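> Here is a sequence with its predicted model. Questions after.
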Amino acid sequence: MRCPPLDARSYLKNYDFRYRITTELKMSKIFKLAHTFNCFYLTEIKTRKCLPFFVGGFQVGLLQQHVITQLLRYPQVFHIHDSYVELNPAFRDYNERSEQVDRVLRELRDEKAFITLKGWREECYEVRTKYACKSLMKMERSATCLFGIKKYGVYINGYVRHPTKGLCIWLQQRSSTKQTWPDKWDNLVGGGLSVGYGIFETAHKEANEEASIPPELLKNLINIGTISFFYKCERGLFPNTEFVFDLELPLDFIPSNQDGEVQNFQLLTADECLEKVLTPEFKLTSVPVVFDFFIRHGIINAETEPNYVELIEMLHVPLQTMYNNVLPNCTVNNSTLCEMKPENNIVH
């Protein structure tokens, strides 16, 4: 008995179903985890449920509807349109924009309007269209995920070449008092790029504070590139780009914490480290850095990972070209903005 022919719509629907089923069956634990830390990029960004957020005529973020609902209370600061949200264009410079938004955020924090603001840091991130462009304003770190602001950080893979165990990796366990991801296992060193700090400056500062790595060892620090991903959770949206460093450490080096943000350290073999990374005990947004390290050192390769090529793509989501919208009334184009000398993003 012949099956009746499918029209185009039915065919595409069934094809999509078969593709999803096949993909799910072929997914390894590693690839499933990559889908998790890229959940917004792979699914929700296509639905266009979020509205673009503009500052100075340039798109710098995305806003979910529950955030927009709160911003409607501040019409003097945020102009809500049908298809986008704009910071009041009357705020003409960096300081005025930053102060006006900070005033609103502090009020929302005091009202306990958003769970993410419980982790208020009194630490700010720059708000830019791209990393190389001039900053348009600064924003409290804990609030940036409400606006889908691109965030930048630094990670250091600390590793040892053990004579009998081979490649071993140092991990830290985050303090139980951390505002985010308490008690989770993490890379040896990591930290966000705060206002006023460059990439290498942040790497050295965090290496000293988190693991007491002395300056003479940091001379061997190698900047190997970046990873990027777009994650979403109950706190907000995280379009993150991380500047990644490798640091080979001597066998007799034992890390120790100075800032109270780490409760434990472990030196694990590559297999032990990968096993821990694939559990809920590990900080999800640090997983891409470990995957990248294992790919570069051949631990994860085309023979062991069926989705090897796709996995590499998912560690480099094109965030720098993602927010390209410019309002018609903007008098400065994006390329000109990026030609302007950045104030606080100089690499030291």
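Thanks, I have the structure now. Numbers count the residues shown, from 1 in each chain.
> contacts and neighbour counts: CA atoms only from here.
Will do.
> Quick check, pLDDT for the residue lying closest to Asn95 once chain neighbours are set aside.
Excluding its sequence neighbours, the residue lying closest to Asn95 (C-alpha to C-alpha, 6 or more residues apart in numbering) is Met137, at 6.8 Å. At Met137, the pLDDT value in this model is 98.
> switch to numbering from 264
Yes, from this point I'll number from 264; that puts the last item at Met400.
> Check which element follows the helix or strand of the chain with the lowest mean pLDDT along the chain.
The helix or strand of the chain with the poorest confidence is helix 271-289; it has a mean of 44 (mean pLDDT, DSSP states H and E). Sequence order places helix 292-300 as the next helix or strand after helix 271-289, per DSSP states H and E.
> So what touches whichever helix or strand comes after that next one?
Moving toward the C-terminus from helix 292-300, the next helix or strand (DSSP H and E) is helix 302-305. Identification of contacts with helix 302-305 by C-alpha atoms under 8 Å, 6 or more residues apart in numbering yields His298, Phe492, Phe493, Tyr494, Lys495, Leu500.
> Need the residues you listed in JSON lines (columns: pLDDT, neighbour count and secondary structure).
Output for the contacts of helix 302-305, formatted as JSON lines (pLDDT from 0 to 100; neighbours: other C-alpha atoms under 10 Å; DSSP: H, G, I helix; E, B strand; the rest coil):
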{"residue": "His298", "pLDDT": "96", "neighbour count": "20", "secondary structure": "helix"}
{"residue": "Phe492", "pLDDT": "98", "neighbour count": "25", "secondary structure": "strand"}
{"residue": "Phe493", "pLDDT": "98", "neighbour count": "27", "secondary structure": "strand"}
{"residue": "Tyr494", "pLDDT": "98", "neighbour count": "22", "secondary structure": "strand"}
{"residue": "Lys495", "pLDDT": "97", "neighbour count": "18", "secondary structure": "strand"}
{"residue": "Leu500", "pLDDT": "98", "neighbour count": "22", "secondary structure": "strand"}
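> Next, the contact list for Leu368, please.
Ala406.
> name the element it belongs to?
Applying DSSP H and E, one finds Leu368 within helix 357-373.
> same deal with Tyr460?
Using DSSP H and E, no helix or strand contains Tyr460.
> do the same with Pro518
Going by DSSP H and E, Pro518 is not part of any helix or strand.
> burial count for the spatially closest residue to it that is not a sequence neighbour?
In space, and not counting its chain neighbours, Pro518 is closest to Ala474: 4.8 Å by C-alpha to C-alpha, 6+ apart. By other C-alpha atoms under 10 Å, the residues close to Ala474 number 20.
> isn't Ala474 right up against Ser519?
Yes. Between Ala474 and Ser519 a contact is recorded at 4.9 Å, counting by C-alpha atoms under 8 Å.
> ok, so of the contacts of helix 302-305, who is nearest Glu389?
Leu500 (16.0 Å; C-alpha to C-alpha).
> isn't that closest one right up against Cys408?
Yes. Using C-alpha under 8 Å, Leu500 is in contact with Cys408, at 4.7 Å.
> which residues are common contacts for those two?
Joint contacts of Leu500 and Cys408 (C-alpha under 8 Å, 6+ apart) do not exist.
> domains of this protein?
As recorded under automatic domain parsing, the domains making up the chain are 309-413+584-602, 414-582.
> And the first one, how far out from the chain middle?
If I follow you right, that is domain 309-413+584-602. 17 Å (C-alpha atoms, centre = their mean, to the nearest Å).
> And the last one, by the same measure?
Relative to the chain's own centre, domain 414-582 is displaced by 13 Å; criterion: C-alpha atoms, centre = their mean.
> Point out where the protein drops to low pLDDT.
Low-confidence segments of the chain (pLDDT under 70): 264-289, 594-600, 602-611.
> middle-most residue in it, spatially?
Asn503 (2.1 Å; C-alpha atoms, centre = their mean).
> who's in contact with that residue?
Lys413, Lys414, Tyr415, Gly416, Ser491, Phe492, Phe493, Tyr494.
> from those residues, which is closest to Leu484?
Of all those, Leu484 sits closest to Gly416, with 15.8 Å by C-alpha to C-alpha.
> Who is the closest one paired with across the strands?
With DSSP bridges as the criterion, Gly416 is bridged to Gly455, Glu505.
> From Gly429, how far off is it?
Distance of Gly416 to Gly429, given as C-alpha to C-alpha, to the nearest Å: 29 Å.
> Then Lys414?
34 Å.
> what do you get for Asn351?
From Asn351 across to Gly429, the span is 57 Å (C-alpha to C-alpha).
> For those two, work out which one has more neighbours and name it.
Neighbours per residue (other C-alpha under 10 Å) separate Asn351 from Gly429, with Asn351 holding more: 19 against 11.
> Is there a neighbour count for the nearest residue to Leu484 once chain neighbours are set aside? I'd like the number.
Spatially, and ignoring its direct neighbours in sequence, Leu484 is nearest to Leu510 (5.0 Å; C-alpha to C-alpha, 6+ apart). Applying other C-alpha under 10 Å, we find 17 residues neighbouring Leu510.
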